[in-house]
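when you get a sec, could you give me coordinates for this:
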Amino acid sequence: QVQLVESGGGLVQAGGSLRLSCAASGRTFSLYAMGWFRQAPGKEREFVAAISWRNSITNYAESVKGRFTISRDNAKNTVYLQMNSVKPEDTAVYYCAAGPRLRVDDLYDFWGQGTQVTVSS
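Below is the predicted model:
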């Protein structure tokens with residue numbers, strides 16, 4: 001089992017920045033690929049970014065490419081999502097997820113409870 005706890009969400013103005021964190025506990029964090037997803041009101045959950053456990057290979061949704069950066073610190077069992085130049089359409093609940101390999105669908109094994117990000121225009 002892996003427990004995931006997101007933090008860092010909040011209210012930010014359009015064009016601003018925010019950094020989300022996801023702290024993991026349980027099984028060896030460094031062996032898991034990590035993903036960030038988001039779900040806006042009335043919409044399906046969508047992929048945002050992911051990072052592999054080996055070599056930190058990354059993958060981003062087109063909508064956030066060039067603005068968001070995913071990174072991980074295996075010594076701290078934490079994955080981050082740096083959000084720059086945020087837009088109102090980035091408003092959503094953001095979830096982190098863990099699984100054995102990097103993927104862009106939501107078939108990860110473990111999920112956090114989510115953190116709300118609200119971008120004001």
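
dump the residue contacts of S120.
Taking Cβ atoms under 8 Å, 6 or more residues apart in numbering, we find S120 in contact with 11-14, 88. Where C-beta positions appear, they are placed from N, C-alpha and C, glycine not excepted.

go again with 7 Å.
Shown in contact with S120 (Cβ atoms under 7 Å, 6 or more residues apart in numbering): 11, 13-14.

and stretch 112-120, what's buried?
For stretch 112-120, the neighbour count (16 or more other Cβ atoms under 10 Å) marks 112, 114-115, 117, 119 as buried.

can you map out the strands along this protein?
Under the criterion DSSP state E, the chain contains strands at 2-7, 10-13, 18-26, 33-39, 46-51, 58-60, 68-73, 78-83, 92-99, 110-111, 115-120.

what helices or strands is the longest one leaning on?
Packing contacts for strand 18-26, counted by 3 or more Cβ pairs under 7 Å, 6 or more residues apart in numbering; DSSP states H and E, involve strand 2-7, strand 78-83, strand 92-99.

what comes up buried for stretch 10-21?
Within stretch 10-21, the residues that count as buried by 16+ other Cβ under 10 Å are 12, 18, 20-21.

can you tell me the distance between the two ends of that stretch?
Using Cα to Cα, to the nearest Å, one end of stretch 10-21 lies 12 Å from the other.

which residues touch that stretch?
6-9, 78, 80-88, 94, 115, 117-121.

mind putting the helices and strands packed on strand 18-26 in TSV, mean neighbour count and mean pLDDT included?
Listed next are these as TSV, based on neighbours: other Cβ atoms under 10 Å; pLDDT from 0 to 100:
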stretch	mean neighbour count	mean pLDDT
strand 2-7	18	95
strand 78-83	22	97
strand 92-99	23	97
